[in-house]
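In: Output the structure for:
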Amino acid sequence: MKILGIDPGFERLGIAILEKNKGKECVVFSECFKTSAKLEFAERLKLIGEEVRKIVKEYKPEVLAIETLFLNTNQKTVMRVAEARGVVVYEAAQAGLKIFEASPPQIKIATTGYGRSDKAQMIKMVKILVKIDESKKSDDELDAIAIALTAFAHIKN
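Out: This next block holds a predicted model:
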């Protein structure tokens, strides 16, 4: 089974494809997809949709694992991230993927065993749970891997 993990954002979108081989999850692909602040917001959403569509077509995952929104004090940012998240969910639904959503505490519990883990603990555990190229240092990319790992923990093959 292949899972597409997405850490949603409109400036940076964490993307990971994980596959389970012989009972062990492995990272097939990951990146931090970036859009320029110089572009109109609608163009940024279009680029996100195109990137997700391209990755789904190339890697053929069965499931989209995506983080639910964490409400912070900046309502404008939350709304923009929600719109980017909507584009991702739309593209996944169009491709027939099953949608798995997890909150930040659920992802932390699945990867570290503790729902209030900090970023350093999460990164350390993700690197223990799956073999990752050491050049992969983007928090967004590692978060996407953690989200996909969470889906594997919840979805029965």
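In: State whether Lys20 is indeed within a strand.
Out: Yes - the assignment for Lys20 is a strand, going by DSSP: H, G, I helix; E, B strand; the rest coil.
In: Quickly list what it is bridged to.
Out: Counting by DSSP bridges, Lys20 forms beta bridges with Glu25.
In: how about Ala92, what does it touch?
Out: 4, 52, 56, 64, 66, 99 (CB atoms under 8 Å, 6 or more residues apart in numbering). Every residue, glycine included, has its C-beta placed from N, CA and C.
In: For Ile107, state which of these is nearest.
Out: Ile66 (10.6 Å; CB to CB).
In: circling back to that earlier point, tell me which entries of the contacts of Ala92 lie within strands.
Out: If you go by DSSP state E, the contacts of Ala92 have 4, 64, 66, 99 in strands.
In: Show me which of those residues are buried.
Out: Buried members of these, counted by 16 or more other CB atoms under 10 Å: 4, 64, 66.
In: which residues in the chain form strands?
Out: Counting by DSSP E, the chain has these strands, from start to end: 2-7, 12-21, 24-34, 63-67, 98-102.
In: of all the ones in strands among the contacts of Ala92, which comes closest to Asp133?
Out: Leu4 (18.4 Å).
In: what residues are up against the closest one?
Out: When contacts are counted by CB under 8 Å, 6+ apart, Leu4 touches 15-17, 52, 55-56, 59, 61, 63-65, 92, 97, 148.
In: which of those residues lies closest to Leu142?
Out: Closest to Leu142, out of all of these and judged by CB to CB, is Ala16, at 8.5 Å.
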